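**Student:** just coords:
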């Protein structure tokens, strides 16, 4: 293997790695946990395996913080498993809460050693209790508000099957789940860099009169207030399993007889009908004290249909949605027709995306039968285990886990990231509305491409974006059909409807071979590499958004055509035909629909928008290397992966790994046989792992900015459409210097 090829293989993963989404420095991440605002900083935690790019036992809580929800700093893990404790094999997901001043603390934490900085910080935030009370385990109270992390600790069962995969339906058969807590070592530290665990669980076991397949992921339903008699209410994700299956129930003990006989039948089949014979539920508990005294109050609600609602509910969340006022004062907003649908209840049921209902919550109950839903929280095939920060100064904010998909481009040293924060509202007609934060524009960098209006005739394709890099960008536009487009104009062009959208074509490059195989006369000297492309379509008649992703998608476009030109030569008909197939599919929003004429490796995603035929559609498209998030004007989102891979820079035979993986500039460089591999490796590993290389990377990026490939196209089929308010900017990294202590 030649030096150039070796260098390309080392750097190839970096061309897929997002730069303005929250992620770990390396390793695996999943669920976002415990969004928290404290002393001027936002904190986001996440499930993390530092030493692997696959899920495994031993999960810790990765930690990042931000002053504006856009620019982030890494911190050392907030929580890690402790040997011989209830979280010895993992700190699973959970939430955050704020303890009001005067709240009792467990006695084991009330007398920390004042000889250490950690002890001094904790002591400063506590005082000896003068009131005593009926809680014998509490000998001190907080003198000020204090954050607390609530999470699920797990210990593997010694007799669990070694061959059983730890899926959503099976985790509780493999481990004992107990509910744990941690408080900051120093409440005066705005970075919350150190946490002290409460050694004993605040909730050890689920109710013993029901067999559950899950007992994890606590979420605070209510904090103490005068309205609820100063009571905490939390819910915990679960699923009710038929006890006659014989499968192990969640908790410290099992209520299922005949387990050995059942195991012989079910074995390690994670989708066995006996494991699927369950319905999701959420358990509700109440207490006056976060750390003790919890009473089981009942079920928040239970799935009505296991197929649509889920056989297990992980990471449940509940929040009251603020109204979308569209510039009006909140007092002008009328929700009288939707008074029963002001709360969002969301669960993850073992497959993406998460689902939600809109209904009414009150005193530990949610009326699922009267609620609207379930609906997918995202029209794509990634988002799972969301978490929310409610009542922040910015409004109701949601994050979700965006997983990886099978990537044709080789190995990575990372896996997964967290979605961009989404502002949540409820519309006047009772729909959930999601949109990116306004301050996201602060990451825009370099020249901005703008066009007030682009007129597109039927069958035309137009290059847009100018010199803006198409690996990491923010694009906004409104597609406005001309009057009667979906009938008269479409019929005149042999189409029953009008579709318009964008194409990011797959890149094709030459992969250089080893020196031996590249000898003269060897026809195998180079191998074509075809990455993934994406087509984003909107049908003005059916009001359906369709996104097609896969190998070679969009290659019909002539990528060599002059910038700003208009062409009718690109054959995009098969994508618009596929849109009709997707529109007729009830499952395409789950990413399961494939079209045979597009190939087995093409995914069709999408869903119905809350629009009327012939209405304009507004799209905001955020591309972060392999991660695509599409926000629609009616408040829906589609997230997926597009592994575009290695791209051509200066001609045949050249590959182009990124020089600056954190995206400080739009710097990408072509790799030829004369490139020094050691120099390239040194340059390519700057960024997230180098605290001092930013200026060098910026300079290098400026030198090669002209080598960045351009390739974003808007097109229309079946009618005339105007692309209005087109604005496109490159994006820069969201990461500032790491704080590793």
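**Tutor:** All right, it came through fine. What you see is a predicted model; the values in this text were computed from it and never measured.

**Student:** I'd say residue 164 and residue 174 touch.
**Tutor:** Yes: with contacts counted by CB atoms under 8 Å, residue 164 reaches residue 174, the gap being 6.2 Å. (Glycine included, C-beta is placed from N, CA and C.)

**Student:** could you check the distance from residue 376 over to residue 435?
**Tutor:** In this view, residue 376 and residue 435 are 17 Å apart by CB to CB, to the nearest Å.

**Student:** Would you mark the buried spots in stretch 475-485?
**Tutor:** 475, 476, 477, 479, 480, 481, 485 (16 or more other CB atoms under 10 Å).

**Student:** List the contacts of the first one.
**Tutor:** In this case it means residue 475. Residue 475 makes contacts with 465, 502, 619, 620, 621, 622, 623, 712, 726, 727, 728, as judged by CB atoms under 8 Å, 6 or more residues apart in numbering.

**Student:** can we see that at 6 Å?
**Tutor:** Contacts were defined as CB atoms under 6 Å, 6 or more residues apart in numbering; by that measure residue 475 touches 621, 728.

**Student:** Please apply the same query to the third one.
**Tutor:** Shown in contact with residue 477 (CB under 6 Å, 6+ apart): 723, 726.

**Student:** Start from the N-terminal end of the stretch 451-600 of the chain and give the strands.
**Tutor:** Taking DSSP state E, counting those that start in this stretch, the strands of the stretch 451-600 of the chain run over residues 461-464, 472-481, 499-504, 508-512, 526-530, 532-539, 544-551, 566-567.

**Student:** Residue 427 is nearest to which of these?
**Tutor:** Closest to residue 427 of those is strand 544-551 (CB to CB; 17.4 Å).

**Student:** Need the residues that contact that closest one.
**Tutor:** If you take CB under 6 Å, 6+ apart as the criterion, strand 544-551 is touched by 530, 532, 534-538, 575, 579, 582-583, 601-606, 608-609, 638, 640, 642.

**Student:** Distance from that strand to the middle of the chain?
**Tutor:** On the basis of CA atoms, centre = their mean, to the nearest Å, strand 544-551 sits 19 Å off its chain's mean C-alpha point.

**Student:** same thing with stretch 187-199?
**Tutor:** Averaging C-alpha positions (CA atoms, centre = their mean) puts stretch 187-199 26 Å from its chain's average.

**Student:** I'd like the average pLDDT over the one helix or strand residue 274 maps to.
**Tutor:** For residue 274, the element it lies in under DSSP states H and E is helix 273-276. Averaged across helix 273-276, the pLDDT comes to 87.

**Student:** show me where the stretch 201-350 of the chain has helices.
**Tutor:** Under the criterion DSSP state H, counting those that start in this stretch, the stretch 201-350 of the chain contains helices at 259-266, 273-276, 306-309.

**Student:** In JSON lines: the buried residues of stretch 475-485, plus pLDDT.
**Tutor:** Below are the buried residues of stretch 475-485 laid out as JSON lines (pLDDT from 0 to 100):
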{"residue": "475", "pLDDT": "97"}
{"residue": "476", "pLDDT": "98"}
{"residue": "477", "pLDDT": "97"}
{"residue": "479", "pLDDT": "97"}
{"residue": "480", "pLDDT": "96"}
{"residue": "481", "pLDDT": "95"}
{"residue": "485", "pLDDT": "49"}
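
**Student:** Go through these and say which is closest to residue 270.
**Tutor:** residue 475 (40.1 Å).

**Student:** I'd like to know which helix or strand in this structure has the lowest mean pLDDT.
**Tutor:** When each helix and strand of the chain is scored by mean pLDDT, DSSP states H and E, helix 677-684 comes last, with a mean of 27.

**Student:** Could you double-check that residue 95 sits in contact with residue 36?
**Tutor:** No: if you go by CB atoms under 6 Å, residue 95 and residue 36 don't touch, sitting 9.0 Å apart.

**Student:** Show me whatever sits in contact with both of these two.
**Tutor:** Counting by CB under 6 Å, 6+ apart, no residue touches both residue 95 and residue 36.

**Student:** what residue ranges in the stretch 251-400 of the chain are flagged as low confidence?
**Tutor:** Residues of the stretch 251-400 of the chain that meet the criterion pLDDT under 70 lie in 253-265, 326-340, 392.

**Student:** are any of the contacts of strand 544-551 buried, and which?
**Tutor:** By 16+ other CB under 10 Å, the contacts of strand 544-551 give 530, 532, 534-538, 575, 579, 582-583, 602-606, 609, 638, 640, 642 as buried.

**Student:** what about the closest residue to residue 161 other than its chain neighbours, neighbour count?
**Tutor:** Spatial nearest neighbour of residue 161, chain neighbours left out: residue 268 (6.0 Å); criterion: CB to CB, 6 or more residues apart in numbering. When neighbours are counted by other CB atoms under 10 Å, residue 268 registers 12.

**Student:** what sits against residue 268?
**Tutor:** 161, 163, 164.

**Student:** Please check those residues and keep the buried ones.
**Tutor:** Buried, going by 16+ other CB under 10 Å: residue 164, out of these.

**Student:** Go through the contacts of residue 268 and say which is closest to residue 56.
**Tutor:** Residue 56 lies nearest to residue 164 out of the contacts of residue 268, by CB to CB, at 14.3 Å.

**Student:** Wait, a strand at the closest one?
**Tutor:** No: applying DSSP: H, G, I helix; E, B strand; the rest coil, one finds residue 164 to be coil, outside a strand.
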